[in-house]
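Q: I would like to see how this sequence folds:
(2 chains)
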Amino acid sequence: MTQPILSLRGITKHFGGVKALTDVSLDLEPGKVVALVGDNGAGKSTLVKVMSGVHRPDSGTYQFEGREVAVSNPAEVADMGVQTVYQDLALCDNLDAVQNLFLGRELTGPWYTGYRVSRAAAERRAKEVLKRLRLDSISLTRNVGAMSGGQRQNIAIARSILWEPKVVLLDEPTAALSHSAAEQVGDLVRELASHGLAVLVISHDIHHFVLDNTDRIEVLRLGRNAASFNSKDVTGEQVVNAMVGGNEAVNMAG
Amino acid sequence: MTDISIPPTPTATPTRSLTERLGNELSFVPVAVGLIALFLFFATQSDVFLTSRNLSNLLVQSTVTGIIALGLVFVLLTGEIDLSVAATSGVASVFMAKLVMDFGLPVPLAILAGVALGGIVGAASARWVTLIGVPSFVVTLGVGLVLNGIQLLLLPRTGRYNLMNSGVDQLAATHVTGPMAWGLVLCAIVLFALVMGSTWRSRQRAGLSASFNAGVLLPVVIVALFLVGVLIFLENQRGLPMPVILFLALLGIMSYITSETRFGTYLYAIGNNAEAARRAGIKVDRIKITAFAIAGGMAAFGGILSASRSLGVSVSSGGGVGGGALLLESIAAAVIGGVSLFGGRGMVVGALFGALIIATVSNGLNLMGVANEARLIVTGLLLVVAVSIDRGIERLARPG
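A: Numbering: from 1, shown residues only, chains lettered A, B, ... in the order given. Alright, predicted model coming up:
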């Protein structure tokens, strides 16, 4: 098995008296897509927020590239090479794809130009990135507000990988999408892994998304690791059973 | 037309529909068409309308509203509003007059001080808005009244500073003619061509599709025709009036800032999705404060220009208590020009067209001998029609 790039061990997180996560462990490997599934309140989002630096765990270790790291804020985690795409995407509908990709990180001219945006350089870079991700059908000059849900989701993901992270965390990328749009996102997720990124996807869409597009499925239940499956050796029913607690936890991932 | 651009790459991006472009970089086209229609209408109604003397007046009439609207666009783009711009223009002009008349400050210094006061007032209002989270229309409504009060305090017992022969009057009275005027226009055209040309060249160097005709030649020809047209028309009269030169220069600078710079991009981003902007690392509060400071400074300058034209300041400077017609017309100018009150949409050049439309209606109806009440009614209806057209275009540009 490949060496994990990001590794959590024994993560516990309380909110007041509520135990959101208890002794949770998770590994993400380069080139692999891991699905994080679980019922509402199972602790999926909390775990992603621990990984992205929004929450600090009460106990447990966070290892990145084999070294233990003390994570304290989201910017630090992003700089380290772990990018998170949240459900609301955080796109500006009145700006085009290039402007959204570079928002807050514009390439600009010197001060005496008033920090003029170097549009051409940004557009070329955006073009390269979208091409590498096989997203070249996305228009660079249309406002993203005029685009489909799947395209918007893909732009948000492309933005997260623009600065070459090693890990991408996707919070429910298919929640509001049609079946065909979800397929587009699935293609992109596998494309990211084929470029050597470690990808974590939270999804409820077991049958149409998770089984087809991920390598491993990690199930959380009531804030604990409930099961781990190889995506190709498992049925949707087995995953759902593990989510709701119908079966004992099984570990087939090895 | 021959195209000097490199051949388009095989991964051609889908072409954007006309409605989509009207919602973006061509958002000023409907109002420009409306302005031309108004011109044609009034030309048929009055022999005087198209004379260079009248058009010169019309242009100068539009500058005060136009300059205030220009600054207001920055605030509107971020999704906020500043209802104190007219009051700011009033208090700044009185402050400037007081510095000149009572303290003998040199005129340029007094003007600078007035503009700085406007900027500080704008920044302070915005600081309050961002700090406490009170809606900007409430804060600036209150600030406007406070400024009205201060304006009364600053005025002498006579209620008026007379600025005749004070030196301030020269600001509006100066006309630039001959080689100097041509030089200015040439400078403006060359600067504009340099900006457009550098965009084109950098796109070409980056191997991106770049059309010289559509990206450089056409815009430069349009701007050159407009400026040379204005110059030739006004040369017949007394030359280029200083207010018009200042308005157009500010328009150029502000257009560059909003459409070319990082700050400009942030204005649009914040107006559409402030939370997304914040998460992208943009210092939203700082950008908003800067936008309000620009609006305040521009309003102050508009007020000073107005004082210079009317040769004095009084209680009624800045539109009188509450801002009156000056406030409403400044907001209307921006909105008629296609700037959304909800933030994130519109262009600075819209302030020019909006202000020209308001001045044209006022001037044209005046020449036709129509009374003042009809002028107000027509301006109000125009505002509603302009915003309705704008909304219609926006709706068409949306998917589904």
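Q: dump the residue contacts of the one residue in chain A that gets nearest to chain B.
A: The nearest approach of chain A to chain B comes at A:G104, 3.2 Å away (Cβ to the nearest Cβ). For every residue, glycine as well, the C-beta is placed using N, CA and C. Remark: with contacts taken as Cβ atoms under 8 Å, 6 or more residues apart in numbering or on different chains, A:G104 is in contact with B:A277, B:A280, B:G281, B:I282.
Q: so the third one sits against A:A90, correct?
A: So that's B:G281. No. Assessed by Cβ atoms under 8 Å, B:G281 is found out of contact with A:A90, at 11.3 Å.
Q: tell me how chain B divides into domains.
A: B:26-177+B:238-397, B:178-237 (automatic domain parsing).
Q: out of those domains, which is closest to A:A126?
A: Closest to A:A126 of those, according to Cβ to Cβ: domain B:178-237, at 10.3 Å.
Q: what's the end-to-end length of that closest one?
A: Start to finish, the residues bounding domain B:178-237 are 12 Å apart (Cα to Cα, to the nearest Å).
Q: which one in chain A is furthest away from the centre?
A: Centroid-distance maximum for chain A: A:Y112 at 38.9 Å, with Cα atoms, centre = their mean.
Q: spell out the secondary structure type for that residue.
A: Here A:Y112 is recorded as helix under DSSP: H, G, I helix; E, B strand; the rest coil.
Q: tell me the contacts of residue 208?
A: In the absence of a named chain, chain A is used. A:H208 touches A:H179, A:A182, counting by Cβ under 8 Å, 6+ apart.
Q: oops, chain B please
A: When contacts are counted by Cβ under 8 Å, 6+ apart, B:L208 touches A:A120, A:E123, A:R124, A:K127.
Q: filter those residues down to the ones near chain B?
A: With Cβ under 8 Å from any Cβ of the partner chain as the criterion, the contacts of B:L208 include A:A120, A:E123, A:R124, A:K127 near chain B.
Q: what residues does the stretch 1-150 of chain A put near chain B?
A: Residues of the stretch 1-150 of chain A lying near chain B (Cβ under 8 Å from any Cβ): A:75, A:88-95, A:99, A:103-106, A:108, A:113-121, A:123-124, A:127, A:131, A:136, A:139-143, A:145-148.
Q: in helices, which of these appear?
A: Counting by DSSP state H, the residues of the stretch 1-150 of chain A next to chain B place A:A75, A:Q99, A:R119, A:A120, A:A121, A:E123, A:R124, A:K127, A:K131 in helices.
Q: kindly indicate which of those residues lies nearest B:G346.
A: A:Q99 (16.2 Å).
Q: that older thread, need the buried ones from the residues of the stretch 1-150 of chain A next to chain B selected in ChimeraX.
A: Filtering those down to the buried ones (16 or more other Cβ atoms under 10 Å in any protein chain shown) takes a single ChimeraX command:
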select /A:89,90,91,92,93,94,95,99,103,104,106,108,113,114,115,116,117,118,119,120,121,123,124,127,136,139,140,141,142,143,145,146,147,148
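Q: do you know how far the residue in chain B that chain A sits nearest to is from A:L170?
A: Chain A sits closest to B:A280 of chain B, with a gap of 3.2 Å, by Cβ to the nearest Cβ. Here the criterion is Cβ to Cβ, to the nearest Å. By it, B:A280 lies 18 Å from A:L170.
Q: all helices for the stretch 151-254 of chain A, in order.
A: A:179-194, A:211-213, A:236-244 (DSSP state H, counting those that start in this stretch).
Q: Throw those helices into JSON lines and include distance to chain B, thanks.
A: Below are those laid out as JSON lines (distance: least, Cβ to the nearest Cβ, whole Å):
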{"stretch": "helix A:179-194", "distance to chain B": "13"}
{"stretch": "helix A:211-213", "distance to chain B": "25"}
{"stretch": "helix A:236-244", "distance to chain B": "30"}
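Q: mind putting these into a markdown table with mean neighbour count and mean pLDDT?
A: Output for the helices of the stretch 151-254 of chain A, formatted as a markdown table (neighbours: other Cβ atoms under 10 Å in any protein chain shown; pLDDT from 0 to 100):
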| stretch | mean neighbour count | mean pLDDT |
| --- | --- | --- |
| helix A:179-194 | 19 | 91 |
| helix A:211-213 | 19 | 93 |
| helix A:236-244 | 17 | 91 |
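Q: a markdown table for those helices, including distance to B:D169?
A: Below are those laid out as a markdown table (distance: least, Cβ to Cβ, whole Å):
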| stretch | distance to B:D169 |
| --- | --- |
| helix A:179-194 | 65 |
| helix A:211-213 | 74 |
| helix A:236-244 | 80 |
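Q: what about the stretch 151-254 of chain A, any weak spots by pLDDT?
A: Along the stretch 151-254 of chain A, the model assigns pLDDT under 70 to residues A:246-254.
Q: near chain A, which residues of chain B?
A: Contact residues, chain B versus chain A (Cβ under 8 Å from any Cβ): B:11, B:13-14, B:16, B:20, B:23-24, B:199, B:202-203, B:205-208, B:256-257, B:260-263, B:265, B:268-269, B:271-273, B:275-277, B:279-282, B:344-345, B:397-399.
Q: just the buried residues from those, in ChimeraX please.
A: To isolate the buried members of those in ChimeraX, using 16+ other Cβ under 10 Å:
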select /B:13,16,20,23,24,199,202,203,206,208,256,257,260,261,262,263,265,268,269,271,272,273,276,277,280,282,344,345,397
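Q: just the strands in chain A please.
A: Counting by DSSP state E, chain A has strands at residues A:6-15, A:18-28, A:33-38, A:59-64, A:67-68, A:82-85, A:167-171, A:198-202, A:216-221, A:224-230.
Q: ok, now the stretch 251-400 of chain B?
A: Ranges of strands within the stretch 251-400 of chain B are B:312-314, based on DSSP state E, counting those that start in this stretch.
Q: show me the contacts for A:Q151.
A: Residues in contact with A:Q151 (Cβ under 8 Å, 6+ apart) are A:I138, A:V144, A:Q184.
Q: nearest to B:P30 among those?
A: Of all those, B:P30 sits closest to A:V144, with 23.7 Å by Cβ to Cβ.
Q: ok, the residue positioned nearest the centre of chain B - contacts?
A: The residue lying closest to the centre of chain B (Cα atoms, centre = their mean) is B:L70, at 2.4 Å. With contacts defined as Cβ under 8 Å, 6+ apart, the neighbours of B:L70 are B:F247, B:L250, B:L251, B:M254, B:M298, B:V348, B:A351, B:L352.
Q: give the buried residues for the strand or helix carrying it.
A: Assessed by DSSP states H and E, B:L70 sits inside helix B:52-77. Using 16+ other Cβ under 10 Å as the test for burial, helix B:52-77 gives B:54-56, B:58-77.
Q: what does stretch A:202-221 give?
A: Buried positions in stretch A:202-221, judged by neighbour count with 16+ other Cβ under 10 Å: A:202-203, A:205-206, A:209-211, A:213-221.
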